[in-house]
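**Student:** Below is the structure, and that's it, no one-letter string:
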Ligand SMILES: [Zn+2]
């Protein structure tokens, strides 16, 4: 099996899985129920993963996923740092809480 995709957002992984399946690719989702598992497992270990069963399907699977992901929107998703004043920001903020500078794309 070959892992072709992983994301903390299980709905995204499930969506990609259904698209691959509808294209005739046999898939397997790993860590599907990871987030409800025991607290002893480090969070990083339970990222839902999408695998293809046949290595020969890998190329098609990756191109389908790339298609679904579309062009990179450049939308920032993680913590960032204000370009104007250098203050670290939480991912949810679109503007610096300190100086109100807009988040750079
Ligand atoms: Zn700032």
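**Tutor:** Received the coordinates, thanks. Everything numeric in this text was worked out from a predicted model, so none of it was measured. Residues are numbered from 1 along each chain as shown.

**Student:** Could you tell me which residues make contact with the residue nearest to residue 84 when sequence neighbours are not counted?
**Tutor:** Among residues not flanking residue 84 along the chain, residue 101 sits closest, at 3.8 Å (C-beta to C-beta, 6 or more residues apart in numbering). Every C-beta, even on glycine, is put in place using the N, C-alpha and C of the backbone. Going by C-beta atoms under 8 Å, 6 or more residues apart in numbering, residue 101 touches 82-85, 95.

**Student:** Any chance of these in TSV with secondary structure and distance to the ion as columns?
**Tutor:** Putting those into TSV (DSSP: H, G, I helix; E, B strand; the rest coil; distance: C-beta to the ion, whole Å) gives the following:
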residue	secondary structure	distance to the ion
82	coil	3
83	coil	8
84	coil	4
85	coil	3
95	strand	8
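
**Student:** Which of those residues ranks first by neighbour count?
**Tutor:** Within the contacts of residue 101, most neighbours by other C-beta atoms under 10 Å means residue 82, with 20 neighbours.

**Student:** Quick check: residues of this structure near the ion?
**Tutor:** Counting by C-beta under 5 Å from the ion, the chain comes close to the ion at 82, 84-85, 87, 96, 98-99, 101.

**Student:** Endpoint to endpoint, stretch 82-98 covers what distance?
**Tutor:** End-to-end span of stretch 82-98 (C-alpha to C-alpha, to the nearest Å): 9 Å.

**Student:** Which residue, neighbours along the chain excluded, lies closest to residue 5?
**Tutor:** Closest to residue 5 by C-beta to C-beta, 6+ apart is residue 50, at 4.2 Å.

**Student:** residues in contact with that neighbour?
**Tutor:** By C-beta under 8 Å, 6+ apart, the contact list for residue 50 reads 3-6, 13, 16-17, 20, 27-30.

**Student:** Which of those residues fall in strands?
**Tutor:** Using DSSP state E, the members of the contacts of residue 50 that fall in strands are 3-6, 27-30.

**Student:** Much appreciated, bye for now.
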